[in-house]
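Chemist: how would this look folded up:
(6 chains)
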Protein chains: 6
Amino acid sequence: MFSVTVRDHMMIAHSLRGEVFGPAQQLHGATYVVDATVRAETLDADGVVVDIGQLAGALAEVVGALSYRNLDDDPSLVGVNTTTERLAQVVADRLAERIHVGGVGRDAAEQASLLVTLGESHVAWAGYERDL
Amino acid sequence: MFSVTVRDHMMIAHSLRGEVFGPAQQLHGATYVVDATVRAETLDADGVVVDIGQLAGALAEVVGALSYRNLDDDPSLVGVNTTTERLAQVVADRLAERIHVGGVGRDAAEQASLLVTLGESHVAWAGYERDL
Amino acid sequence: MFSVTVRDHMMIAHSLRGEVFGPAQQLHGATYVVDATVRAETLDADGVVVDIGQLAGALAEVVGALSYRNLDDDPSLVGVNTTTERLAQVVADRLAERIHVGGVGRDAAEQASLLVTLGESHVAWAGYERDL
Amino acid sequence: MFSVTVRDHMMIAHSLRGEVFGPAQQLHGATYVVDATVRAETLDADGVVVDIGQLAGALAEVVGALSYRNLDDDPSLVGVNTTTERLAQVVADRLAERIHVGGVGRDAAEQASLLVTLGESHVAWAGYERDL
Amino acid sequence: MFSVTVRDHMMIAHSLRGEVFGPAQQLHGATYVVDATVRAETLDADGVVVDIGQLAGALAEVVGALSYRNLDDDPSLVGVNTTTERLAQVVADRLAERIHVGGVGRDAAEQASLLVTLGESHVAWAGYERDL
Amino acid sequence: MFSVTVRDHMMIAHSLRGEVFGPAQQLHGATYVVDATVRAETLDADGVVVDIGQLAGALAEVVGALSYRNLDDDPSLVGVNTTTERLAQVVADRLAERIHVGGVGRDAAEQASLLVTLGESHVAWAGYERDL
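Modeler: Sure thing, here's the model as predicted:
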């Protein structure tokens, strides 16, 4: 199994709903360092999983639509408790959509899975992995 | 599949038994940077794999019981060759026990697996993964 | 010259005032990984610059007073444009106060300087250094 | 499942064939930080997956045969488009050969898999995983 | 003293002249992770050392003019032994030129110094610091 | 001012004397990731601060003489409280000796200073800087 990963980041404000979150129920924020990994059983004719430039571009678009915002006010996230795990899923699903419409230069059917990891600090991170 | 990871560390003395270890048969020591990852197929009602604060607290207790000690004299490790791989298993098993008694705020049955990785330097690390 | 550094972090919301900041004028947020370095020409009788546990504790208090907040509403920061550089200064000045009242177990007069660095992502950080 | 990882690096020149690579079609170069992970279901009598010193030595030999070279002129890579993914496979296959001839001190049949990851920068990496 | 740092990277081929370099006399290559730090005694009216977006843009231009090339054939580097130290100076001098013509949004006279560090692997890096 | 840095590591056991150290008064251990930086105003005829291979070799010898040992029993450290700060000084002084006898291929008089930093974990490090 082959894999390729690109890294980007986003800086957002948000608050979390639920007593378990303690002070994180207050409006605060985070930098998420975002790693997106695509896996495939084979390489394409160029010898890559996907074109790294196109993958980085697609990730930049997904991350850019979330960055420099207060996620509590984002119409696309109404009702979503934006924990790190859930945001990893949001980023993965949006990136998968782009892959399915051909945004990273290879048929999605040839790609096995997508893993998105969000690093929220030097001591905590979360991820979501799904099929493509 | 979702995952969440927290990082802590421990500083221990020990020696390894076996000619293969060369100079590491002498009493020496290590800082282990400890990453504990819990995986689950679904998020709970709060939108998390497990509460990150409770996971970090449980890991701190497990790591604290080993830290600032000479593991060669630890009664709980008699007969254990405390290689990095084996210590990863010790930490994982002890953390799993806490998860099973409810120490991280979610039914262990809803959690798929636990991975513990011990970084012993900038050029070597080892891990152990088990079901929950 | 000796130095000792401890690392902590804080997660905050804020917005920046000034056209130069583009989208960062909107309410957003950041995780700042905070490194505090104390320098001294000599070590004390215990062989340290300052006690690392006390320095870490003092930094945790300073960082804790800022974390999980919207800095735009923080009464102690009225009129402050909370850029990464300026926040590094805020953290350094507050930590220096604690050092001057004896919070890190050594006379401040024996300590040469204090450097605080705030990492805002994997590609950008800022710092502030001052005398003690 | 247990794992052990060692890190090394190599510095090479090469060019990539295919319009998708844009400016990387020109002769350029890369430092690859190489992580080799061996996984096994059980530890051996010494309590390790494989001897870390022997694994590091085997990796150093594989990496050394590629380093400080122009891969476009390497007779062992004729016809290979040396993308990061493909080089990860080349390193993994060569390391697996050494493991199969006994180069890391444990029967290859007792080792489950081998993962090689090549970091090409702080924002991109690729990997290849195979059975042993 | 305040500072701000941005990170970028470049991937180049080159060879080094001189017996001391051993195998690095052969054509090989490197990824350099490039950190550019600007220091200033004061912040400007916006509360920054320099605008981080403009600094990142200026660094990207300097790095882009060197990346994906064989530096042995670069007309701007004729007669230059492109060691990591020397390349750090080349990047710093070119970035300083841009700062002096106003490329980072603040009078160069208000900026104290510029430090450029080039990381060539996980175990080696070099830097060059100069006045502005 | 130019600089070059190489990284190595050592794994040691020790205990610290003094109530301030709390549980670290017990025999425990540490991995120290050791960074050695040499600074010089000018480059030599080859375009380097010092030969990086020779510097790495000298550092490996200094670090090797301390590694895989219990520093409490090291005859060369009798009476030394082996805090991270103090060990940084020990490594720096021993490395400076090697530089002065010509071990890194350049006259020590042409080298301005030496900085040694010891990382004891992902959240703490200490350093010592001296003239050459």
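
Chemist: can you give me the helices for chain A?
Modeler: A:52-64, A:84-100 (DSSP state H).

Chemist: Ok, which of the ones you listed comes nearest D:L55?
Modeler: When the helices of chain A are compared by Cβ to Cβ, helix A:52-64 sits nearest D:L55, at 28.4 Å. In short, each C-beta sits where N, CA and C put it, glycine included.

Chemist: what's next to stretch A:67-79, contact-wise?
Modeler: A:9-15, A:27, A:66, A:82, A:87, A:90, C:13, C:23-24, C:26-28 (Cβ atoms under 8 Å, 6 or more residues apart in numbering or on different chains).

Chemist: hmm, which of these are the buried ones?
Modeler: A:9-15, A:27, A:66, A:82, A:87, A:90, C:13, C:24, C:27-28 (16 or more other Cβ atoms under 10 Å in any protein chain shown).

Chemist: Quick check: the two most widely separated of the residues you listed?
Modeler: Every pair of the buried ones among the contacts of stretch A:67-79 checked by Cβ to Cβ; the farthest is A:V90 and C:A24, at 21.4 Å.

Chemist: hmm, back to that, now, which of the buried ones among the contacts of stretch A:67-79 lie within strands?
Modeler: A:9-14, C:13, C:28 (DSSP state E).

Chemist: out of these, who's nearest F:E19?
Modeler: Using Cβ to Cβ, these come closest to F:E19 at C:A13, 41.5 Å.

Chemist: Show the contacting residues for the closest one.
Modeler: Counting by Cβ under 8 Å, 6+ apart, C:A13 makes contact with A:13-14, A:27-29, A:70, C:27-29, C:69-72.

Chemist: A:H122: neighbour count?
Modeler: For A:H122, the tally of surrounding residues (other Cβ atoms under 10 Å in any protein chain shown) stands at 18.

Chemist: Pull the contacting residues for it.
Modeler: Residues near A:H122 by Cβ under 8 Å, 6+ apart: B:7, C:7, C:9, C:33, F:122-123.

Chemist: can I get these in TSV with distance to F:G105 and pLDDT?
Modeler: Output for the contacts of A:H122, formatted as TSV (distance: Cβ to Cβ, whole Å; pLDDT from 0 to 100):
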residue	distance to F:G105	pLDDT
B:R7	40	98
C:R7	35	98
C:H9	41	98
C:V33	37	98
F:H122	34	98
F:V123	36	98
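
Chemist: Grab the nearest non-local neighbour of the spatially most central residue of chain A.
Modeler: What sits nearest the mean C-alpha location of chain A, by Cα atoms, centre = their mean, is A:V91, with 3.1 Å. Spatially, and ignoring its direct neighbours in sequence, A:V91 is nearest to A:V116 (4.8 Å; Cβ to Cβ, 6 or more residues apart in numbering or on different chains).

Chemist: now swap in A:P23 and tell me
Modeler: In space, A:P23 is closest to C:Y68, 3.8 Å off (Cβ to Cβ, 6+ apart).

Chemist: what's the neighbour count on the one you found?
Modeler: Neighbour tally, C:Y68, other Cβ under 10 Å: 20.

Chemist: Next: A:E129.
Modeler: Neighbours of A:E129 (other Cβ under 10 Å): 18.

Chemist: wait, A:S3 sits on D:G127?
Modeler: Yes: the criterion here is Cβ atoms under 8 Å, and A:S3 meets it with D:G127 at 4.6 Å.

Chemist: Which of the buried ones among the contacts of stretch A:67-79 lies at the shortest distance from chain F?
Modeler: A:H9 (19.2 Å; Cβ to the nearest Cβ).

Chemist: Might one say that the closest one is in contact with A:A36?
Modeler: No: counting by Cβ under 8 Å, A:H9 does not reach A:A36; the two are 11.7 Å apart.

Chemist: Spit out the contact partners of the residue nearest to the centre of chain A.
Modeler: Per Cβ under 8 Å, 6+ apart, neighbours of A:V91: A:34, A:36, A:59, A:62-63, A:66, A:116, A:118, A:128.

Chemist: one more time with 10 Å, if that's ok
Modeler: Contacts of A:V91 were listed using Cβ atoms under 10 Å, 6 or more residues apart in numbering or on different chains, and they are A:8, A:10, A:32, A:34, A:36, A:59, A:62-63, A:65-66, A:114, A:116-118, A:128.
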